[in-house]
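Participant: give the three-dimensional model of this entry:
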Amino acid sequence: MRVLILVENLPVPLDRRVWQEACALRDAGHRVMVVCPRMRGYDTPHEVLDGIAIYRHWISGEARSKVGFFWEYLTALWGQWWCALRAWRAGGFEVIHLCNPPDILFLVALPFKWLAGVKVVFDVHDLWPEMFAAKFGRRGPVHALVRLAERCTLKVSDAVIATNESVRAKILERSPVPDTDVTIVRTAPNAMDITSAPDESLKSGRAYLVGYIGVMGDADGVDYLIRAAHEVVVNRGRKDVQFLLMGTGPEFDALARLRDELGLADFVTMPGRVSNEFLFTALQTMDVGVACDPINEYNDHCTMNKTLEYMAFGKPQVMFGTREGRFSAGEAAVYVMENSAVSLANAILDLLADPAARERMGREGRRRLEGDLSWDKSVVNLCAAYARLCA
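Facilitator: Residues are numbered from 1 along each chain as shown. This next block holds a predicted model:
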């Protein structure tokens, strides 16, 4: 089949999950095209990469307020529609695969479904109503529109893909979709070079390296980690710990200012977006990874890429004890059950002081990722969902 994937919040191939799904569908014999925004260094309007056609559109920017989200989504809708039309003229498609957030991309899919009989797959990366509530609260007409958008997307979908069991349960609770039409395709890293050599220079001459990889937005809790670094370095006087925070996002500049205000410029390195080669080397070098996404109703349902990437490299981690985080990492992490920078710092220092526990957790993380959580199993589920759609 000819498949058009729409994703609004990240470009490909930077969005690892979307790119892995696109490659898996290509390998299964489908012709795959992707529509995504031009951002974060991926500015080519149209290219073919590894046999996948990519259409990128202009977007107003990554939002930080309700007004910002309005303009971001308005420009995204126009860009996604225009690129979808280009893909249709270039040969058409039989399936349109919607990746949220947001849940408004059904507006792009509707004309193709009504006029050409195109099938719609809804790939639920995040529960958008819970995401909105975590940012802005549950009250008001905007939140009601967010909930309506999710219901509309589910209504027009012929199949639904969920990232984990808790997301699947929420979808079945809130929609008339038959349970046989909701397939779990877990996020898992793939094709990461775990043979990369460590680089001790990343530790800046210190004994330990504590790492973070991921988006730096207002829902990701990176401020907790920076304040935890302040607790470790300044309040506890530990000058033997270096922190490496990799990634970017709408809060990057504010977080860099917070680091500098707390006097941590020499102890907290923030290189921004990094290459795969740098990332793999850093993951190989770090002693402990951190997933600082705070505990809330939204994060409780999220499978975090960073957690799985630490596990792929056999690294122990400290995380706030979100429900899906605990399921993913199992015995490969130390869990902090309150959103507290001081508690996060305590857990980091306790783990650094216990090399046997770090070794044990690293082995368990890699075992889980190579077994129950492997991407190969997710590929089987993804292809099975498309086979049912074809039938």
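Participant: which outside residues touch the worst-scoring helix or strand of the chain on mean pLDDT?
Facilitator: Ranking every helix and strand in the chain by mean pLDDT, DSSP states H and E puts helix 128-136 at the bottom, with a mean of 83. Under the criterion C-beta atoms under 8 Å, 6 or more residues apart in numbering, residues 66, 100-103, 142-143, 146-147, 149-150, 218-219, 296-299, 301 lie in contact with helix 128-136. Quick note: C-beta positions are derived from backbone N, CA and C, even for glycine.
Participant: separate out the buried members of these.
Facilitator: The neighbour-count test (16 or more other C-beta atoms under 10 Å) marks 100-103, 146-147, 149-150, 219, 296, 298-299, 301 as buried among the contacts of helix 128-136.
Participant: now render those as a markdown table, adding secondary structure, distance to D126 and pLDDT.
Facilitator: Shown next, in a markdown table, are these (DSSP: H, G, I helix; E, B strand; the rest coil; distance: C-beta to C-beta, whole Å; pLDDT from 0 to 100):
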| residue | secondary structure | distance to D126 | pLDDT |
| --- | --- | --- | --- |
| N100 | coil | 6 | 93 |
| P101 | coil | 5 | 89 |
| P102 | coil | 9 | 90 |
| D103 | coil | 9 | 93 |
| V146 | helix | 12 | 89 |
| R147 | helix | 14 | 91 |
| A149 | helix | 13 | 94 |
| E150 | helix | 11 | 94 |
| A219 | coil | 10 | 84 |
| N296 | coil | 13 | 92 |
| Y298 | coil | 7 | 90 |
| N299 | helix | 10 | 93 |
| H301 | helix | 8 | 92 |
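Participant: which one among these gets closest to A87?
Facilitator: N100 (19.3 Å; C-beta to C-beta).
Participant: would you map the helices across the stretch 251-391 of the chain?
Facilitator: 252-261, 276-285, 305-312, 323-329, 341-352, 355-370, 375-390 (DSSP state H, counting those that start in this stretch).
Participant: of these, which is nearest S60?
Facilitator: Of those, nearest to S60 by C-beta to C-beta is helix 252-261, at 17.7 Å.
Participant: and stretch 162-180, average pLDDT?
Facilitator: Mean pLDDT, stretch 162-180: 90.
Participant: residues of that stretch that come out buried?
Facilitator: 162-164, 166-168, 170-172, 175, 177.
Participant: same question, stretch 21-35
Facilitator: 21-25, 30-35.
Participant: and for stretch 44-57, what are the contacting residues?
Facilitator: 11-13, 22-23, 26, 32-38, 42-43, 76, 78-80, 82-83, 86-87, 90.
Participant: for stretch 286-293, same thing?
Facilitator: Stretch 286-293 has contacts (C-beta under 8 Å, 6+ apart) with 202, 208-214, 219-222, 224-225, 228, 244, 283, 299, 302, 304, 306-307, 309-310, 315-320, 322, 325, 333, 344, 348, 351-352, 358.
Participant: with just CA atoms, put that stretch into PDB.
Facilitator: The C-alpha coordinates for stretch 286-293 follow below in PDB (Å, rounded to 0.1, in the frame of the first residue of the first chain):
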ATOM      1  CA  MET A 286      27.800   8.300  31.400                       C
ATOM      2  CA  ASP A 287      27.600   6.500  34.700                       C
ATOM      3  CA  VAL A 288      23.900   7.300  35.400                       C
ATOM      4  CA  GLY A 289      21.100   8.500  33.200                       C
ATOM      5  CA  VAL A 290      18.200  10.600  34.500                       C
ATOM      6  CA  ALA A 291      14.600  10.700  33.400                       C
ATOM      7  CA  CYS A 292      13.200  13.800  35.200                       C
ATOM      8  CA  ASP A 293       9.700  13.900  33.700                       C
END
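Participant: now it: mean pLDDT?
Facilitator: 97.
Participant: repeat for stretch 73-80
Facilitator: 92.
Participant: flag the shaky bits of this protein, pLDDT-wise.
Facilitator: Within the chain, the segments meeting pLDDT under 70 span 62-66, 137-139.
Participant: mind listing what E251 touches?
Facilitator: By C-beta under 8 Å, 6+ apart, the contact set of E251 is 64, 216-218, 220, 222-223.
Participant: and N235, by the same measure?
Facilitator: N235 neighbours (C-beta under 8 Å, 6+ apart): none.
Participant: let's see it at 10 Å
Facilitator: 342, 345 (C-beta atoms under 10 Å, 6 or more residues apart in numbering).
Participant: can you check F327 too?
Facilitator: 164-166, 303, 307, 373.
Participant: what do you get for G91?
Facilitator: For G91, the contacting residues are 2, 31, 33, 53, by C-beta under 10 Å, 6+ apart.
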